[in-house]
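Enquirer: structure, please.
(2 chains)
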Amino acid sequence: DTAVSQTPKYLVTQMGNDKSIKCEQNLGHDTMYWYKQDSKKFLKIMFSYNNKELIINETVPNRFSPKSPDKAHLNLHINSLELGDSAVYFCASSQVSGQGAEQYFGPGTRLTVT
Amino acid sequence: GENVEQHPSTLSVQEGDSAVIKCTYSDSASNYFPWYKQELGKRPQLIIDIRSNVGEKKDQRIAVTLNKTAKHFSLHITETQPEDSAVYFCAASVAYKYIFGTGTRLKVLA
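Expert: Numbers count the residues shown, from 1 in each chain, chains lettered A, B, ... in the order given. Prediction:
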């Protein structure tokens, strides 16, 4: 009964490839997020969706494209992978998108681009 | 722009001592300040939070204080234990997102 799940847990791929990471939450939350955590452990928000609608799109290259088929799922597709994309990607969800809502994180996907 | 500064970046304490981590935020509209703990290889998890209408909140060995005027908030851990060793992140709410601090790696020495 995992609250927020991600697949895959590890992803090793070569530069130039296209890959996807999937996220699902069974908490009934309205809002989902993607974060990138780099090697220095900085946690930076990339995208946020509320009821399948994009509400936050930080300065992220166009190669990254999120998709939310329903409010329980938020996937991240990355085109033309680069070395600098290597990081841990965390999905998260919260009850509402407003301030004061606890965010629940998934276990993370460690992406390594060689 | 939106920014949360966190200090120190690393902190080593003896078991049983107290640990204090400090954060400063830039957006005066921020009104919610969570603290997350991330153990090695694990996901960040909320340990305590505080809202702007409260100056202090305590939960067993963990407490958080907020100074809205100075835009400072701090995490206090008393009677530290080896299992407190982790990376701690502060965050401040800005519009529909949270801006995270740069993290503090806490080591509790037995």
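
Enquirer: please make it C-alpha for all contacts and neighbour counts, starting now.
Expert: Will do.

Enquirer: can you list the residues of chain A near chain B?
Expert: A:41-45, A:55-56, A:90, A:97-100, A:102-108 (C-alpha under 8 Å from any C-alpha of the partner chain).

Enquirer: strands - which of these land there?
Expert: A:L43, A:K44, A:I45, A:I55, A:I56, A:F90, A:Y104, A:F105 (DSSP state E).

Enquirer: ok, residue 55 - contacts?
Expert: This is for chain A. A:F47, A:S48, A:Y49, B:Y96 (C-alpha atoms under 8 Å, 6 or more residues apart in numbering or on different chains).

Enquirer: looking at chain B here, not the other one
Expert: Residues in contact with B:G55, defined by C-alpha under 8 Å, 6+ apart, are B:T65, B:L66, B:N67.

Enquirer: tell me who's in contact with the last one.
Expert: Applying C-alpha under 8 Å, 6+ apart, we find B:N67 in contact with B:G55, B:F73.

Enquirer: then the second one?
Expert: Taking C-alpha under 8 Å, 6+ apart as the criterion, B:L66 is in contact with B:I50, B:S52, B:V54, B:G55, B:E56, B:H72, B:F73, B:S74.

Enquirer: for the closest residue to it other than its chain neighbours, helix, strand, or coil?
Expert: Leaving aside its sequence neighbours, B:L66 sits nearest to B:F73 (C-alpha to C-alpha, 6 or more residues apart in numbering or on different chains; 4.3 Å). Here B:F73 takes the strand state, with states given by DSSP: H, G, I helix; E, B strand; the rest coil.

Enquirer: show me what contacts B:F73?
Expert: B:K22, B:C23, B:T24, B:V64, B:T65, B:L66, B:N67.

Enquirer: can I get those residues in a markdown table including secondary structure?
Expert: Formatted as a markdown table, the contacts of B:F73 follow (three-state DSSP):
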| residue | secondary structure |
| --- | --- |
| B:K22 | strand |
| B:C23 | strand |
| B:T24 | strand |
| B:V64 | strand |
| B:T65 | strand |
| B:L66 | strand |
| B:N67 | strand |
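
Enquirer: who wins for most neighbours among the ones in strands among the residues of chain A next to chain B?
Expert: A:F90 (27 neighbours; other C-alpha atoms under 10 Å in any protein chain shown).

Enquirer: list the contacts of that one.
Expert: A:W34, A:Y35, A:K36, A:Q37, A:F105, A:G106, A:P107, A:G108, A:T109, B:R43.

Enquirer: so what pairs up with the third one in the strands?
Expert: Beta bridges link A:K36 to A:K44, A:Y89 when assigned by DSSP bridges.

Enquirer: thanks again, I'm all set now.
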